[in-house]
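Colleague: based on what follows, work out the 3D shape:
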Amino acid sequence: MVFFKMKFILSNLLCGFKRCPFEHTRYMKKNPKGEIMIVSVYVDDLIFTGDDEEMLSDFKSAMMNEFEMTDLGELHHFLGINVQKSKEGIFISQEKYTVELLEKFNMKNSNPVSTPCVTGLKLSKNGEGKLVDQTLFRSLAGNLMYLTATRPDIMYAVSLISRFMEKPYSSHWEAAKRILRYINGTIDYGIFYKTRVPVQLVGYTDTDFGGSIDDSRSTLGYAFSLGSGIISWCSKKQPVVALSTTEAEYIASSLTGLLHGKTKHICLRFHFLRELVSEGEINLEYCRSEEQVADNFTKPLGGLTFSRNVTSLGVQKIFGLGKAMLE
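Modeller: Numbering: from 1, shown residues only. As a prediction, the model looks like this:
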């Protein structure tokens with residue numbers, strides 16, 4: 001009830017707030033000077049930020065008049081995610097959650113590895129070895145999926161094992177345990193958003209053409225960064241079977257998922273992208289393989305390439321923030 005009342009107040013009583021069409025629990029307000037305020041609601045908790053103190057103060061007063069609320073001050077922890085700030089930027093991580101996850105699956109003393117996937121790994125629904133406990137496997141996959149909120153470096157590996165939750169074999173279980181071994185050596189990793197960098201939206205897309213053994217569907221991956229750190233990422237099988245690498249790339253770039261006839265869906269994606277380019281909304285550029293960070297979301301890579309891409313995504317250790325003392 002509290003959530004729905006908050007939703008009603010934000011949408012109706014506090015004039016000027018608009019709900020995000022993609023994140024339905026997020027609201028934004030802009031004043032005549034162009035200053036903004038953002039509110040995110042989760043059940044009966046909310047976090048808010050903005051660049052105008054008066055807007056923030058008015059909002060806090062209005063909410064406290066409607067609800068019995070406690071102001072917990074600056075954000076340090078929310079939904080299992082740690083938020084640490086310094087003069088150099090903001091660092092988000094799930095270190096405590098990672099430790100608990102390793103303990104839950106008895107992997108705290110496992111030997112760390114440098115990548116979450118063996119290079120060239122191919123898994124099939126007709127897995128090798130014996131069937132493993134479905135509930136246990138699903139629990140591990142779900143826990144790892146939540147960890148991807150601040151660990152895009154494991155996104156591909158987690159997406160891959162999640163394809164086999166219906167009937168997991170020991171080969172799938174071993175692949176899942178390797179992810180745990182990787183995070184055991186990178187417990188203190190997270191995403192760092194630097195303060196003094198140009199704020200530019202940059203996106204990378206890539207595909208692994210026909211990579212699935214079971215249905216020949218391609219795996220698409222994308223990564224978008226704003227400034228220094230990644231803000232949106234994905235790794236999943238494409239909804240249709242691409243008949244060429246070109247078609248697979250169009251699907252990855254447009255993400256429309258439309259299929260009408262044998263070639264019409266390709267045409268739609270092509271014209272969709274062409275229209276965005278002609279209107280100046282986006283600028284498409286060729287990306288060399290050694291600079292294609294989206295590779296991390298489409299296939300298992302070797303240690304050096306994988307680590308280089310992870311760094312480019314803004315994923316790093318907590319203590320790698322220079323001399324700044326994190327609060």
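Colleague: show me the shaky parts of the chain.
Modeller: For the chain, residues meeting the criterion pLDDT under 70 lie at 1-15, 209-215, 238-282, 319-327.
Colleague: in it, which spans are strands?
Modeller: Counting by DSSP state E, one finds strands in the chain at the ranges 18-19, 26-30, 36-42, 45-50, 77-78, 81-86, 89-93, 189-194, 201-208, 219-226, 229-237, 315-317.
Colleague: so which of those comes closest to residue 109?
Modeller: Comparing these by their distance to residue 109 (C-beta to C-beta), the top pick is strand 189-194, with 19.2 Å. C-betas here are computed from N, CA, C, even on glycine.
Colleague: now do that closest one against strand 81-86, angle only.
Modeller: Angle, strand 189-194 to strand 81-86, by axes from the mean of the first three to the mean of the last three C-alpha atoms, to 10 degrees: 40 degrees.
Colleague: tell me the strands beside strand 189-194, with direction?
Modeller: Paired strands of strand 189-194, with direction, are strand 89-93 (antiparallel), strand 315-317 (antiparallel) (DSSP bridges).
Colleague: ok, and which of those strands has the densest surroundings?
Modeller: strand 89-93 (a mean of 21; mean count of other C-beta atoms under 10 Å).
Colleague: what sits up against that strand?
Modeller: For strand 89-93, the surrounding residues in contact (C-beta atoms under 8 Å, 6 or more residues apart in numbering) are 81-85, 150, 188-195, 228, 318, 321, 326.
Colleague: now which of the residues you listed would you call buried?
Modeller: Neighbour-count burial (16 or more other C-beta atoms under 10 Å) applied to the contacts of strand 89-93 gives 81-85, 150, 189-193, 228, 318, 321.
Colleague: now residue 172: closest residue in space that isn't a chain neighbour?
Modeller: Once flanking residues are discounted, residue 172 sits nearest to residue 164: 4.5 Å by C-beta to C-beta, 6 or more residues apart in numbering.
Colleague: just checking, that neighbour touches residue 128?
Modeller: No. Look at residue 164 against residue 128 with C-beta atoms under 8 Å: they stay out of range, at 11.6 Å.
Colleague: those two: which has the busier surroundings?
Modeller: Neighbour count, other C-beta atoms under 10 Å: between residue 164 and residue 128, residue 164 has more, with 22 against 11.
Colleague: if I look at the more buried one, how far off is residue 220?
Modeller: To residue 220, residue 164 is 19 Å away according to C-beta to C-beta, to the nearest Å.
Colleague: just give the nearest non-adjacent residue to residue 71, would you?
Modeller: Spatial nearest neighbour of residue 71, excluding adjacent residues (C-beta to C-beta, 6+ apart): residue 60 at 6.7 Å.
Colleague: nearest the geometric middle of this protein, what residue?
Modeller: The residue lying closest to the centre of the chain (C-alpha atoms, centre = their mean) is residue 233, at 4.4 Å.
Colleague: tell me how far that residue lies from residue 31.
Modeller: Note on residue 233: its distance to residue 31, by C-beta to C-beta, is 32 Å.
Colleague: any idea what residue 226 is bridged to?
Modeller: If you apply DSSP bridges, the partners that residue 226 bridges to are residue 201, residue 229.
Colleague: pull the number of nearby residues for it.
Modeller: Residue 226: 16 surrounding residues under other C-beta under 10 Å.
Colleague: residue 147 and residue 96 touch, don't they?
Modeller: No. With contacts counted by C-beta under 8 Å, residue 147 stays clear of residue 96, the gap being 11.4 Å.
Colleague: more neighbours: these two, which one.
Modeller: Remark: of residue 147 and residue 96, residue 147 carries more neighbours, 19 against 13, as counted by other C-beta under 10 Å.
Colleague: grab the nearest non-local neighbour of that one.
Modeller: Nearest non-adjacent residue to residue 147, counting by C-beta to C-beta, 6+ apart: residue 94, 5.8 Å away.
Colleague: need the contact list for that neighbour.
Modeller: Counting by C-beta under 8 Å, 6+ apart, residue 94 makes contact with 80, 81, 82, 147, 149, 150, 151, 190.
Colleague: lovely, talk soon.
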